[in-house]
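1. got a structure for you, letters missing:
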Ligand SMILES: C[C@H](OP(=O)(O)OC[C@@H](O)[C@@H](O)[C@@H](O)Cn1c2nc(=O)[nH]c(=O)c-2cc2ccc(O)cc21)C(=O)N[C@@H](CCC(=O)N[C@@H](CCC(=O)O)C(=O)O)C(=O)O
């Protein structure tokens, strides 16, 4: 099992540098930096990380093919690859509807745009002049003037068609999920995409991009996960609640509590509305032994990398050390 860690660049560069170096010292294999316009720029932050680390693989988790051209993405990640001496990975997904609305981007044809962007980035990284007559992107002999090196491309996906696309075109898929049931359901679409491209599963990285919260004290760990879980619940489609048997009225309570928190600042109300089954479904939370048990279940469901996503734990520094000492070696 490989281990990754996710950070949102909503902190100063030196704080992020501190946590990523701590993760590298604790033998994490990957660090994924989220990409939303309102946070610090993902490539600026990755540049610092590329200079200040030595072994951990690093990349956006995930960027998107809307707010910059695939040519700029290809060049940006190739630059990180050069600075990091070959450790860059590109995580790319369809992007986030809510943030796009705020910057006037129409979220249309995400599948088509993702396919075209990934094909163009691969072609540019191959170093040849790129002629591409797509429905969305038209390239007329674009060529990079420096060697990109080989950069794995991971696709963020949840929906069936995007999962198939990820398996067909990608070196890995980043699935925002923490429960083995979600990976059992995803398997059929991943296999369909792999067979369409004539690829085998062994070289493909199926990543559980999970919300994680680890502490020696189980209750502390689970309480720390509640706010993140509430946001995941609020943004999840009905099909997920049906799959996990989560009652519609419980979901509504979380959505109402989040509204109240935004309007009146009642954040304790959000934690109260999050149920135990929501924590178990949408996060990997508890003691190191609880987390190991879930990781073993995920492995049986075909997961090959687990990413420790927000909040990581009640005390980020302590939790990264706990994962490094009591989970990764097992
Ligand atoms: C587009 C969407 O795909 P999805 O698989 O649900 O992808 C949703 C997310 O993966 C995508 O929004 C990501 O960018 C979200 N995301 C992040 N998004 C961000 O913006 N920033 C991040 O940092 C980020 C991190 C992240 C990490 C892991 C991860 O899995 C996702 C992450 C979907 O609806 N897919 C459907 C298909 C929809 C469809 O058919 N669309 C048609 C027509 C639609 C139209 O244009 O009306 C088409 O595309 O042509 C499906 O897969 O079946």
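-> Right, received. Where do you want to start? As the structure is a prediction and not an experimental result, all values here were calculated from the model.
2. can you list the residues of the stretch 51-200 of the chain near the ligand?
-> Contact residues (C-beta under 6 Å from any ligand atom) of the stretch 51-200 of the chain with the ligand: 61-62, 64, 93-96, 108-112, 156-162, 174-176. Backbone N, C-alpha and C define where each C-beta goes, glycine included.
3. Just the strands from the stretch 101-250 of the chain, written as ranges.
-> In the stretch 101-250 of the chain, the strands defined using DSSP state E, counting those that start in this stretch lie at 130-133, 138-142, 153-156, 172-175, 205-214.
4. TSV for the ones you listed, including mean neighbour count and mean pLDDT?
-> Formatted as TSV, these follow (neighbours: other C-beta atoms under 10 Å; pLDDT from 0 to 100):
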stretch	mean neighbour count	mean pLDDT
strand 130-133	15	98
strand 138-142	13	98
strand 153-156	25	98
strand 172-175	25	98
strand 205-214	26	98
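5. closest to residue 27 out of those strands?
-> Set against residue 27 and scored by C-beta to C-beta, those come closest in strand 205-214, at 15.1 Å.
6. quick one, phi psi at the closest residue to the ligand within the stretch 101-250 of the chain?
-> Closest to the ligand within the stretch 101-250 of the chain is residue 159: 2.3 Å, counting by C-beta to the nearest ligand atom. Backbone torsions of residue 159, given as degrees, to the nearest 10, read phi -70, psi 160.
7. And the lowest mean pLDDT element among the helices and strands of the chain?
-> Counting by mean pLDDT, DSSP states H and E, the weakest-scoring helix or strand in the chain turns out to be helix 97-102, with a mean of 90.
8. what's that one in contact with?
-> With contact meaning C-beta atoms under 8 Å, 6 or more residues apart in numbering, helix 97-102 is reached by 36-38, 66-67, 106-107.
9. buried stuff in it?
-> Buried residues in helix 97-102, counted by 16 or more other C-beta atoms under 10 Å: 99-100.
10. what does stretch 54-63 give?
-> 56-63.
11. Which of the residues you listed fall in strands?
-> The strands, defined by DSSP state E, take in 57-60 from these.
12. just to revisit the earlier point, ok, so what distance separates the residue of the stretch 101-250 of the chain closest to the ligand from residue 296?
-> With distances taken as C-beta to C-beta, to the nearest Å, residue 159 is found 27 Å from residue 296.
13. Which pLDDT value goes with the single nearest residue of the stretch 1-150 of the chain relative to the ligand?
-> Going by C-beta to the nearest ligand atom, the ligand is nearest to residue 93 of the stretch 1-150 of the chain, at 2.8 Å. Listed pLDDT for residue 93 reads 98.
14. doesn't residue 173 make contact with it?
-> No - between residue 93 and residue 173 there is no contact under C-beta atoms under 8 Å: 9.8 Å.
15. where do the contact lists of those two overlap?
-> Common neighbours of residue 93 and residue 173, using C-beta under 8 Å, 6+ apart, are 155-157.
16. Of those, just say which sits nearest to residue 321.
-> Nearest to residue 321 among the shared contacts of residue 93 and residue 173: residue 156, at 28.0 Å, using C-beta to C-beta.
17. bridging residues for the closest one?
-> For residue 156, the beta-bridge partners are residue 174 (DSSP bridges).
18. ok now do residue 44, which residues does it touch?
-> By C-beta under 8 Å, 6+ apart, residue 44 lies in contact with residue 13.
19. i'd like the first residue to be 806 from this point on
-> Got it, first residue is 806 now, which makes that one residue 849.
20. Find me the pLDDT at it, would you?
-> 98.
21. again, but for residue 901
-> For residue 901, pLDDT reads 89.
22. what's near enough to touch it?
-> Under the criterion of C-beta under 8 Å, 6+ apart, the contact list for residue 901 reads 841, 869.
23. circling back: can I get the buried part of the contacts of helix 902-907 as one ChimeraX selection?
-> Of the contacts of helix 902-907, the buried ones can be selected in ChimeraX as follows, counting by 16+ other C-beta under 10 Å:
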select :841,871,872,912
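24. I'd like the strands of the stretch 906-1055 of the chain laid out as CSV, including distance to residue 822.
-> Compiled in CSV, the strands of the stretch 906-1055 of the chain are given as follows (distance: least, C-beta to C-beta, whole Å):
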stretch, distance to residue 822
strand 935-938, 35
strand 943-947, 33
strand 958-961, 23
strand 977-980, 23
strand 1010-1019, 21
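25. Can you say which of these is nearest to residue 1113?
-> Comparison of the strands of the stretch 906-1055 of the chain against residue 1113 by C-beta to C-beta identifies strand 1010-1019 as nearest, at 4.3 Å.
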